[in-house]
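[1] Based on what follows, work out the 3D shape:
(one chain, ligands or ions: 2)
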Amino acid sequence: MDGVVFISGPVHPVTFQLLEEAGLRTKKWKEDRRPSQEEVIENCQEACALISLVRDKLDAFFFKSCPQLRAISNYAVGFENIDLSEANRRRIPIGYTPEVLSNSTAELTIALLLACSRNILSANQAIRRGEWTHFDPMKHLGTDLSGKTLGIFGMGRIGSLVAKKARLGFDMEIIYNSRNRNEEVEDRLGAAYVSWEDLLESSDFLSAHCPITERTAGIFNKQTFQRMKSTAFFINAARGGIHVEEDLIQALNQREIAGSGLDVTNPEPMRSDNPLLSMSNVVVTPHIGSATMETRKKMGEICAHNIIQGLSGKPMIHTINPNFV
Ligand SMILES: NC(=O)C1=CN([C@@H]2O[C@H](COP(=O)(O)OP(=O)(O)OC[C@H]3O[C@@H](n4cnc5c(N)ncnc54)[C@H](OP(=O)(O)O)[C@@H]3O)[C@@H](O)[C@H]2O)C=CC1
Ligand SMILES: O=CC(=O)O
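    Ligands and ions are numbered 1, 2, ... in the order given. Sure, this is the predicted structure:
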(Lines give C-alpha, C1' and ligand atoms only; values in the text may rest on other atoms or scores of the structure.)
(Ligands and ions follow the chains in the order given, each with its own letter.)
Protein backbone atom coordinates (compact mmCIF):
# COMPACT_ATOMS: atom_id res chain seq x y z
CA MET A 1 0.00 0.00 0.00
CA ASP A 2 1.43 3.40 -0.93
CA GLY A 3 0.46 6.99 -0.25
CA VAL A 4 0.55 9.73 2.40
CA VAL A 5 -1.85 10.04 5.33
CA PHE A 6 -2.12 13.50 6.90
CA ILE A 7 -2.85 13.52 10.64
CA SER A 8 -4.15 16.90 11.65
CA GLY A 9 -3.29 16.85 15.37
CA PRO A 10 -1.57 14.92 18.17
CA VAL A 11 -2.76 11.29 18.29
CA HIS A 12 -1.42 8.15 20.00
CA PRO A 13 1.89 6.90 18.45
CA VAL A 14 0.32 3.52 17.61
CA THR A 15 -1.61 5.31 14.86
CA PHE A 16 1.60 6.18 12.99
CA GLN A 17 3.11 2.76 13.67
CA LEU A 18 0.16 0.86 12.17
CA LEU A 19 -0.12 3.09 9.12
CA GLU A 20 3.62 2.84 8.45
CA GLU A 21 3.63 -0.94 8.93
CA ALA A 22 1.00 -1.04 6.19
CA GLY A 23 3.40 0.83 3.89
CA LEU A 24 1.78 4.23 4.15
CA ARG A 25 3.76 7.39 4.77
CA THR A 26 2.52 9.69 7.54
CA LYS A 27 2.62 13.46 7.75
CA LYS A 28 1.56 15.11 10.97
CA TRP A 29 0.58 18.59 12.07
CA LYS A 30 3.50 19.51 14.31
CA GLU A 31 2.53 22.88 15.75
CA ASP A 32 1.05 23.24 19.22
CA ARG A 33 -2.04 25.02 17.93
CA ARG A 34 -5.12 24.21 15.91
CA PRO A 35 -4.52 24.35 12.15
CA SER A 36 -6.81 26.61 10.16
CA GLN A 37 -8.95 24.98 7.49
CA GLU A 38 -6.59 26.40 4.86
CA GLU A 39 -3.66 24.72 6.59
CA VAL A 40 -5.46 21.36 6.74
CA ILE A 41 -6.32 21.67 3.05
CA GLU A 42 -2.75 22.62 2.17
CA ASN A 43 -1.34 19.64 4.10
CA CYS A 44 -3.85 17.29 2.50
CA GLN A 45 -2.78 18.13 -1.05
CA GLU A 46 -0.21 15.34 -1.24
CA ALA A 47 -2.32 12.95 0.89
CA CYS A 48 -4.70 10.16 -0.10
CA ALA A 49 -6.20 9.95 3.39
CA LEU A 50 -6.77 12.08 6.48
CA ILE A 51 -7.08 11.45 10.20
CA SER A 52 -9.01 14.45 11.49
CA LEU A 53 -10.03 15.84 14.85
CA VAL A 54 -13.49 17.22 15.67
CA ARG A 55 -11.95 20.71 15.54
CA ASP A 56 -11.36 20.34 11.78
CA LYS A 57 -14.18 21.64 9.62
CA LEU A 58 -14.65 19.19 6.75
CA ASP A 59 -17.35 21.03 4.82
CA ALA A 60 -18.21 21.21 1.11
CA PHE A 61 -15.37 23.67 0.51
CA PHE A 62 -12.91 21.28 2.17
CA PHE A 63 -14.04 18.31 0.05
CA LYS A 64 -13.92 20.41 -3.12
CA SER A 65 -10.37 21.50 -2.22
CA CYS A 66 -9.15 17.95 -1.55
CA PRO A 67 -10.62 15.83 -4.37
CA GLN A 68 -7.82 13.26 -4.12
CA LEU A 69 -8.73 12.08 -0.58
CA ARG A 70 -9.99 8.50 -0.63
CA ALA A 71 -10.52 7.81 3.09
CA ILE A 72 -11.03 9.91 6.25
CA SER A 73 -11.26 8.89 9.89
CA ASN A 74 -12.22 11.23 12.73
CA TYR A 75 -10.27 10.59 15.94
CA ALA A 76 -13.56 10.87 17.87
CA VAL A 77 -17.05 9.44 18.05
CA GLY A 78 -18.71 12.81 17.35
CA PHE A 79 -18.75 13.79 13.68
CA GLU A 80 -20.65 17.05 13.54
CA ASN A 81 -17.57 18.62 11.90
CA ILE A 82 -18.08 16.56 8.73
CA ASP A 83 -20.49 17.34 5.90
CA LEU A 84 -21.69 13.79 5.49
CA SER A 85 -23.87 14.40 2.45
CA GLU A 86 -20.86 15.86 0.65
CA ALA A 87 -18.71 12.87 1.66
CA ASN A 88 -21.47 10.56 0.43
CA ARG A 89 -21.83 12.43 -2.83
CA ARG A 90 -18.09 12.05 -3.39
CA ARG A 91 -18.18 8.44 -2.17
CA ILE A 92 -15.51 8.96 0.49
CA PRO A 93 -15.73 6.52 3.42
CA ILE A 94 -15.69 8.27 6.79
CA GLY A 95 -14.46 6.43 9.87
CA TYR A 96 -14.89 7.27 13.54
CA THR A 97 -14.16 5.73 16.96
CA PRO A 98 -17.33 4.73 18.83
CA GLU A 99 -17.49 2.27 21.76
CA VAL A 100 -13.80 2.25 22.74
CA LEU A 101 -14.17 5.67 24.37
CA SER A 102 -17.53 5.13 26.02
CA ASN A 103 -16.19 3.80 29.32
CA SER A 104 -13.60 6.58 29.78
CA THR A 105 -16.20 9.23 29.00
CA ALA A 106 -18.68 7.63 31.39
CA GLU A 107 -16.02 7.54 34.13
CA LEU A 108 -15.27 11.23 33.58
CA THR A 109 -18.99 11.93 33.84
CA ILE A 110 -19.11 10.13 37.19
CA ALA A 111 -16.08 12.20 38.26
CA LEU A 112 -18.02 15.37 37.43
CA LEU A 113 -21.04 14.09 39.38
CA LEU A 114 -18.86 13.43 42.43
CA ALA A 115 -16.90 16.66 42.07
CA CYS A 116 -20.19 18.57 42.08
CA SER A 117 -21.94 16.58 44.79
CA ARG A 118 -18.97 16.68 47.21
CA ASN A 119 -17.55 20.15 46.48
CA ILE A 120 -14.20 18.62 45.55
CA LEU A 121 -12.94 21.66 43.66
CA SER A 122 -13.94 24.33 46.17
CA ALA A 123 -12.73 22.24 49.14
CA ASN A 124 -9.36 21.75 47.47
CA GLN A 125 -9.13 25.44 46.65
CA ALA A 126 -9.85 26.28 50.30
CA ILE A 127 -6.85 24.19 51.41
CA ARG A 128 -4.65 25.96 48.86
CA ARG A 129 -5.75 29.29 50.34
CA GLY A 130 -4.64 28.09 53.80
CA GLU A 131 -8.19 27.80 55.13
CA TRP A 132 -7.86 24.27 56.59
CA THR A 133 -7.05 25.45 60.11
CA HIS A 134 -9.19 23.00 62.10
CA PHE A 135 -11.74 20.24 61.50
CA ASP A 136 -15.15 21.83 61.00
CA PRO A 137 -17.95 19.25 60.70
CA MET A 138 -20.28 21.77 59.09
CA LYS A 139 -17.97 22.95 56.30
CA HIS A 140 -17.95 21.83 52.65
CA LEU A 141 -21.15 19.86 53.12
CA GLY A 142 -22.20 18.13 49.95
CA THR A 143 -24.97 15.75 49.06
CA ASP A 144 -24.99 11.96 48.65
CA LEU A 145 -25.43 10.42 45.23
CA SER A 146 -27.02 7.33 46.77
CA GLY A 147 -30.80 7.46 46.55
CA LYS A 148 -30.78 10.52 44.27
CA THR A 149 -32.29 10.58 40.79
CA LEU A 150 -29.95 10.75 37.82
CA GLY A 151 -31.65 11.97 34.65
CA ILE A 152 -29.95 11.03 31.41
CA PHE A 153 -30.64 12.82 28.15
CA GLY A 154 -29.49 10.58 25.29
CA MET A 155 -29.45 6.93 26.37
CA GLY A 156 -26.89 5.66 23.85
CA ARG A 157 -23.49 4.04 24.32
CA ILE A 158 -22.13 6.56 26.84
CA GLY A 159 -25.44 7.42 28.51
CA SER A 160 -26.18 3.77 29.24
CA LEU A 161 -22.71 3.22 30.77
CA VAL A 162 -23.16 6.28 32.99
CA ALA A 163 -26.54 4.85 34.01
CA LYS A 164 -24.94 1.49 34.83
CA LYS A 165 -22.17 3.00 36.95
CA ALA A 166 -24.58 5.33 38.75
CA ARG A 167 -27.14 2.59 39.43
CA LEU A 168 -24.83 -0.29 40.34
CA GLY A 169 -21.98 1.73 41.83
CA PHE A 170 -23.85 4.53 43.59
CA ASP A 171 -27.38 3.22 44.05
CA MET A 172 -28.95 6.09 42.11
CA GLU A 173 -32.42 5.96 40.57
CA ILE A 174 -32.21 6.33 36.79
CA ILE A 175 -34.70 8.18 34.60
CA TYR A 176 -34.04 9.12 31.01
CA ASN A 177 -35.30 10.78 27.89
CA SER A 178 -33.93 9.92 24.48
CA ARG A 179 -34.91 9.86 20.83
CA ASN A 180 -35.90 6.21 21.20
CA ARG A 181 -36.53 4.02 24.21
CA ASN A 182 -33.68 1.80 25.37
CA GLU A 183 -35.53 -1.20 26.72
CA GLU A 184 -32.35 -3.10 27.49
CA VAL A 185 -31.35 -0.41 29.99
CA GLU A 186 -34.87 -0.32 31.38
CA ASP A 187 -34.81 -4.08 32.00
CA ARG A 188 -31.26 -4.29 33.31
CA LEU A 189 -31.14 -1.18 35.50
CA GLY A 190 -34.78 -0.40 36.14
CA ALA A 191 -34.31 2.89 34.30
CA ALA A 192 -37.59 4.70 33.65
CA TYR A 193 -38.30 6.44 30.36
CA VAL A 194 -39.87 9.85 31.11
CA SER A 195 -40.99 12.88 29.13
CA TRP A 196 -38.57 15.76 28.54
CA GLU A 197 -40.52 17.84 31.07
CA ASP A 198 -40.37 15.08 33.70
CA LEU A 199 -36.66 14.66 33.08
CA LEU A 200 -36.10 18.36 33.81
CA GLU A 201 -38.38 18.47 36.83
CA SER A 202 -37.46 15.18 38.54
CA SER A 203 -33.67 14.92 38.12
CA ASP A 204 -31.32 15.66 41.02
CA PHE A 205 -28.48 15.34 38.53
CA LEU A 206 -29.19 15.84 34.85
CA SER A 207 -26.50 14.52 32.55
CA ALA A 208 -26.49 15.06 28.78
CA HIS A 209 -25.13 12.38 26.42
CA CYS A 210 -26.73 13.21 23.07
CA PRO A 211 -24.89 14.29 19.91
CA ILE A 212 -25.14 17.92 18.84
CA THR A 213 -27.70 18.23 16.07
CA GLU A 214 -30.20 20.84 14.90
CA ARG A 215 -32.60 19.44 17.49
CA THR A 216 -30.23 19.38 20.46
CA ALA A 217 -28.29 22.64 19.90
CA GLY A 218 -29.21 25.00 22.73
CA ILE A 219 -31.79 22.59 24.16
CA PHE A 220 -30.60 23.39 27.70
CA ASN A 221 -31.53 27.05 28.01
CA LYS A 222 -33.23 29.64 30.22
CA GLN A 223 -36.62 27.89 30.04
CA THR A 224 -35.23 24.43 30.70
CA PHE A 225 -32.98 25.51 33.60
CA GLN A 226 -36.02 27.23 35.14
CA ARG A 227 -37.89 23.93 35.11
CA MET A 228 -35.12 22.10 36.98
CA LYS A 229 -35.00 21.68 40.76
CA SER A 230 -33.10 24.45 42.53
CA THR A 231 -31.06 21.66 44.17
CA ALA A 232 -30.21 19.97 40.86
CA PHE A 233 -26.86 19.81 39.07
CA PHE A 234 -26.45 20.06 35.29
CA ILE A 235 -23.71 17.83 33.86
CA ASN A 236 -22.56 18.10 30.25
CA ALA A 237 -19.88 15.78 28.84
CA ALA A 238 -21.46 15.75 25.37
CA ARG A 239 -21.06 19.02 23.47
CA GLY A 240 -20.91 22.62 24.72
CA GLY A 241 -23.36 23.77 22.06
CA ILE A 242 -26.27 21.87 23.61
CA HIS A 243 -26.46 24.34 26.49
CA VAL A 244 -26.74 28.11 26.18
CA GLU A 245 -23.85 29.38 28.24
CA GLU A 246 -25.28 32.77 29.23
CA ASP A 247 -28.51 31.06 30.33
CA LEU A 248 -26.51 28.58 32.40
CA ILE A 249 -24.58 31.42 34.04
CA GLN A 250 -27.82 33.22 34.81
CA ALA A 251 -29.46 30.07 36.19
CA LEU A 252 -26.46 29.54 38.49
CA ASN A 253 -26.33 33.19 39.56
CA GLN A 254 -30.04 33.18 40.34
CA ARG A 255 -29.73 29.82 42.11
CA GLU A 256 -32.26 28.21 39.79
CA ILE A 257 -29.95 25.19 39.83
CA ALA A 258 -27.35 24.17 42.41
CA GLY A 259 -24.27 23.72 40.26
CA SER A 260 -22.78 22.33 37.11
CA GLY A 261 -20.07 19.98 35.87
CA LEU A 262 -18.91 20.64 32.33
CA ASP A 263 -16.38 18.77 30.21
CA VAL A 264 -17.43 20.72 27.15
CA THR A 265 -18.03 24.41 26.54
CA ASN A 266 -19.03 26.71 23.74
CA PRO A 267 -16.72 27.96 22.42
CA GLU A 268 -13.79 25.67 23.06
CA PRO A 269 -11.34 26.44 24.43
CA MET A 270 -13.07 28.42 27.17
CA ARG A 271 -11.49 31.77 28.02
CA SER A 272 -9.78 31.84 31.41
CA ASP A 273 -11.87 34.88 32.46
CA ASN A 274 -15.16 33.05 31.84
CA PRO A 275 -17.51 33.75 34.80
CA LEU A 276 -18.21 30.03 35.20
CA LEU A 277 -14.62 29.54 36.32
CA SER A 278 -15.05 31.82 39.33
CA MET A 279 -18.15 30.00 40.59
CA SER A 280 -17.41 27.63 43.48
CA ASN A 281 -20.28 25.32 42.47
CA VAL A 282 -19.04 24.81 38.91
CA VAL A 283 -16.40 22.31 37.78
CA VAL A 284 -15.02 22.59 34.26
CA THR A 285 -12.62 20.17 32.56
CA PRO A 286 -11.09 20.83 29.13
CA HIS A 287 -12.90 18.24 26.98
CA ILE A 288 -11.06 15.25 28.47
CA GLY A 289 -13.91 12.71 28.43
CA SER A 290 -12.00 10.09 26.49
CA ALA A 291 -8.53 11.25 27.51
CA THR A 292 -6.93 8.15 28.99
CA MET A 293 -3.83 6.43 27.62
CA GLU A 294 -5.73 3.19 27.07
CA THR A 295 -8.56 4.83 25.19
CA ARG A 296 -6.41 7.12 23.07
CA LYS A 297 -4.43 4.04 21.99
CA LYS A 298 -7.59 2.18 21.00
CA MET A 299 -8.83 5.24 19.13
CA GLY A 300 -5.53 5.38 17.24
CA GLU A 301 -5.74 1.68 16.36
CA ILE A 302 -9.27 2.07 15.02
CA CYS A 303 -8.39 5.18 13.02
CA ALA A 304 -5.35 3.51 11.46
CA HIS A 305 -7.34 0.38 10.56
CA ASN A 306 -10.20 2.52 9.25
CA ILE A 307 -7.81 4.25 6.87
CA ILE A 308 -6.06 1.04 5.78
CA GLN A 309 -9.39 -0.66 5.15
CA GLY A 310 -10.89 2.39 3.45
CA LEU A 311 -7.94 2.78 1.08
CA SER A 312 -8.20 -0.94 0.23
CA GLY A 313 -11.87 -0.55 -0.64
CA LYS A 314 -12.83 -2.74 2.31
CA PRO A 315 -15.31 -1.98 5.13
CA MET A 316 -13.86 0.28 7.83
CA ILE A 317 -13.91 -0.98 11.44
CA HIS A 318 -16.35 1.80 12.32
CA THR A 319 -17.81 3.98 9.62
CA ILE A 320 -20.49 6.63 9.56
CA ASN A 321 -21.38 5.96 5.91
CA PRO A 322 -21.28 2.16 5.55
CA ASN A 323 -22.74 2.05 2.06
CA PHE A 324 -19.44 2.72 0.33
CA VAL A 325 -18.12 -0.81 0.35
N1 LIG B 1 -16.61 14.82 26.41
C2 LIG B 1 -16.02 14.02 25.55
O3 LIG B 1 -14.80 13.95 25.50
C4 LIG B 1 -16.84 13.15 24.67
C5 LIG B 1 -18.06 13.56 24.20
N6 LIG B 1 -18.80 12.74 23.42
C7 LIG B 1 -20.13 13.18 22.97
O8 LIG B 1 -21.07 12.24 23.44
C9 LIG B 1 -22.03 12.01 22.42
C10 LIG B 1 -22.69 10.68 22.61
O11 LIG B 1 -21.80 9.62 22.28
P12 LIG B 1 -22.33 8.12 22.19
O13 LIG B 1 -23.00 7.75 23.43
O14 LIG B 1 -21.21 7.28 21.70
O15 LIG B 1 -23.43 8.27 21.04
P16 LIG B 1 -24.71 7.39 20.80
O17 LIG B 1 -25.16 7.67 19.42
O18 LIG B 1 -24.45 5.98 21.20
O19 LIG B 1 -25.77 7.99 21.85
C20 LIG B 1 -26.43 9.20 21.66
C21 LIG B 1 -27.84 9.05 22.16
O22 LIG B 1 -28.50 10.32 22.01
C23 LIG B 1 -29.77 10.07 21.42
N24 LIG B 1 -30.27 11.24 20.69
C25 LIG B 1 -29.91 11.68 19.47
N26 LIG B 1 -30.62 12.77 19.14
C27 LIG B 1 -31.46 12.99 20.17
C28 LIG B 1 -32.46 13.95 20.41
N29 LIG B 1 -32.76 14.90 19.51
N30 LIG B 1 -33.15 13.89 21.55
C31 LIG B 1 -32.89 12.91 22.46
N32 LIG B 1 -31.94 11.97 22.28
C33 LIG B 1 -31.23 12.01 21.16
C34 LIG B 1 -29.53 8.90 20.50
O35 LIG B 1 -30.78 8.32 20.16
P36 LIG B 1 -30.88 7.06 19.16
O37 LIG B 1 -30.65 5.87 20.04
O38 LIG B 1 -32.26 7.16 18.62
O39 LIG B 1 -29.83 7.23 18.10
C40 LIG B 1 -28.65 8.03 21.35
O41 LIG B 1 -29.39 7.23 22.23
C42 LIG B 1 -21.21 12.15 21.12
O43 LIG B 1 -22.05 12.48 20.03
C44 LIG B 1 -20.24 13.24 21.46
O45 LIG B 1 -20.77 14.49 21.08
C46 LIG B 1 -18.36 11.50 23.06
C47 LIG B 1 -17.14 11.06 23.49
C48 LIG B 1 -16.27 11.84 24.33
O1 LIG C 1 -15.59 14.55 22.03
C2 LIG C 1 -15.08 13.54 21.69
C3 LIG C 1 -15.64 12.63 20.77
O4 LIG C 1 -15.08 11.54 20.64
O5 LIG C 1 -16.66 12.95 20.12
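[2] Confirm S160 sits in a helix?
    Yes: according to DSSP: H, G, I helix; E, B strand; the rest coil, S160 belongs to a helix.
[3] residue contacts, it?
    182, 184-185 (C-beta atoms under 8 Å, 6 or more residues apart in numbering). C-beta here means a position set from N, CA and C on the backbone, and glycine is covered the same way.
[4] Let me see the contact set for the closest residue to ligand 1 within the stretch 101-250 of the chain.
    Closest contact between the stretch 101-250 of the chain and ligand 1, by C-beta to the nearest ligand atom, is at G156 (1.8 Å). Contacts for G156 were tallied using C-beta under 8 Å, 6+ apart; they are 178, 182, 209-210.
[5] Check which helices and strands the biggest helix by length in the chain sits against.
    The longest helix of the chain (DSSP state H) is helix 293-311. Applying 3 or more C-beta pairs under 8 Å, 6 or more residues apart in numbering; DSSP states H and E, one finds that helix 293-311 contacts helix 13-21, strand 49-52, strand 71-74, strand 94-95, helix 102-117.
[6] average model confidence for that helix?
    Helix 293-311 comes out with an average pLDDT of 98.
[7] contacting residues around that helix?
    Applying C-beta under 8 Å, 6+ apart, the contact partners of helix 293-311 are 1, 3, 5, 11-15, 17-19, 22, 24, 48-49, 51, 70-76, 93, 95-97, 100-101, 103-104, 290, 315-319.
[8] PyMOL command to pick out the buried ones of those?
    Typed into PyMOL, the line below selects the buried ones among these, using 16 or more other C-beta atoms under 10 Å:
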select buried, resi 3+5+11+12+14+15+18+19+22+24+48+49+51+70+71+72+73+74+75+76+93+95+96+97+100+101+103+104+290+316+317+318+319
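[9] Can you narrow the contacts of helix 293-311 down to the ones near ligand 2?
    76, 101, 290 (C-beta under 6 Å from any ligand atom).
[10] burial count for the residue nearest to the first one when sequence neighbours are not counted?
    Read it as A76. Using C-beta to C-beta, 6 or more residues apart in numbering and skipping residues adjacent in sequence, the residue nearest A76 is V54, 4.7 Å away. Applying other C-beta atoms under 10 Å, we find 19 residues neighbouring V54.
[11] can you check L141 too?
    By other C-beta under 10 Å, neighbour count at L141 equals 9.
[12] which SSE is it in?
    Using DSSP states H and E, L141 sits within no helix or strand.
[13] which residues does it contact?
    Taking C-beta under 8 Å, 6+ apart, one finds N119 in contact with L141.
[14] If we use 10 Å, what do you get?
    Residues near L141 by C-beta atoms under 10 Å, 6 or more residues apart in numbering: 118-119.
[15] And the pLDDT at it?
    Value for L141, per-residue pLDDT: 98.
[16] Helices along the chain, start to end?
    In the chain, the helices defined using DSSP H lie at 13-21, 37-44, 60-65, 84-89, 102-117, 120-128, 157-164, 170, 183-189, 196-202, 222-227, 245-253, 293-311.
[17] I'd like these laid out as a markdown table, including distance to L276.
    Below are those laid out as a markdown table (distance: least, C-beta to C-beta, whole Å):
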| stretch | distance to L276 |
| --- | --- |
| helix 13-21 | 34 |
| helix 37-44 | 28 |
| helix 60-65 | 32 |
| helix 84-89 | 32 |
| helix 102-117 | 13 |
| helix 120-128 | 12 |
| helix 157-164 | 22 |
| helix 170 | 25 |
| helix 183-189 | 31 |
| helix 196-202 | 20 |
| helix 222-227 | 14 |
| helix 245-253 | 6 |
| helix 293-311 | 26 |
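[18] A191 against K164, yeah?
    Yes: assessed by C-beta atoms under 10 Å, A191 is found in contact with K164 at 9.5 Å.
[19] For ligand 1, see how far away T292 is.
    Distance from T292 to ligand 1, counting by C-beta to the nearest ligand atom, to the nearest Å: 11 Å.
[20] can you count the residues close to that residue?
    16.
[21] Which residue comes closest to it once chain neighbours are left out?
    Closest residue in space to T292, ignoring its immediate chain neighbours: S104 at 4.7 Å, by C-beta to C-beta, 6+ apart.
[22] Cross-check the contact I'm expecting between that neighbour and I288.
    Yes: with contact defined as C-beta under 10 Å, S104 reaches I288; the gap is 8.9 Å.
[23] Now do D204 against M228, distance only.
    Taking C-beta to C-beta, to the nearest Å as the criterion, D204 is separated from M228 by 10 Å.
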